[in-house]
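1. Got a sequence here, can you build the structure:
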Amino acid sequence: MNQTINYKGSCFCGDVAFTLTGEPALMAYCHCNSCRHWSAGPVNALTLWQPDSFKITRGADNIGGFDKTAATENETGMSNRKWCKTCGGHTFIEHPTMGLVDVPAVLIEDFAFNPVLHVHYQETVLPMKDGLPKFKDLPADAGGSGDELPE
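-> Numbers count the residues shown, from 1 in each chain. So this is what the prediction gives:
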């Protein structure tokens, strides 16, 4: 019997839909200025998935993208943000340097978001007292300083 967990999600209007298989590699909060501006919120609830766990099931031709971190149009940066061309709703973020796909937790239907840490907490505009580790930038094993900040 197959016990693999499957999730569904979509953009705001539903023109772009996707499935996720298994469990995310990480669930966390990001406080960086870039994520806050893109999400139009004080903090971004992220889920990171292996690329083979993520599949667009509808509207692939209706996905727009922008990578603020790429130096030129022909270069891949750190965060290629994707959205629906119909409603402008977020869909996912490709993180090629990490080899992961970031799907905003709010887009995943019937998903229990259980974050384990905060990243880029030095940039926070919404301090959160939840007992989770708060990294100044990123954990050391993800290429950051590994420095933690107090709540």
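
2. so who does the nearest residue to Pro150 once chain neighbours are set aside touch?
-> Excluding its sequence neighbours, the residue lying closest to Pro150 (Cβ to Cβ, 6 or more residues apart in numbering) is Lys134, at 7.4 Å. All C-beta atoms are positioned from the backbone trio N, CA, C, and that covers glycine. Contact analysis of Lys134 by Cβ atoms under 8 Å, 6 or more residues apart in numbering lists 117-118, 121, 148-151.

3. Just the ones in helices from the residues you listed, please.
-> Among the contacts of Lys134, none falls in helices (DSSP state H).

4. And those, which two are furthest apart?
-> Leu117 and Pro150 (14.1 Å; Cβ to Cβ).

5. Got the phi and psi for Ala140?
-> Backbone dihedrals for Ala140, given as degrees, to the nearest 10, come out at phi -60, psi -40.

6. ok, now which ones touch the residue lying closest to it once chain neighbours are set aside?
-> Once flanking residues are discounted, Ala140 sits nearest to Gly146: 3.2 Å by Cβ to Cβ, 6+ apart. Counting by Cβ under 8 Å, 6+ apart, Gly146 touches 135, 138-140.

7. hang on, Gly146 in a helix?
-> No. Looking at Gly146 with DSSP: H, G, I helix; E, B strand; the rest coil, it is coil, so not inside a helix.

8. Tell me how far the residue nearest to Pro150 lies from Gln122.
-> Applying Cβ to Cβ, to the nearest Å, the value for Lys134 to Gln122 is 9 Å.
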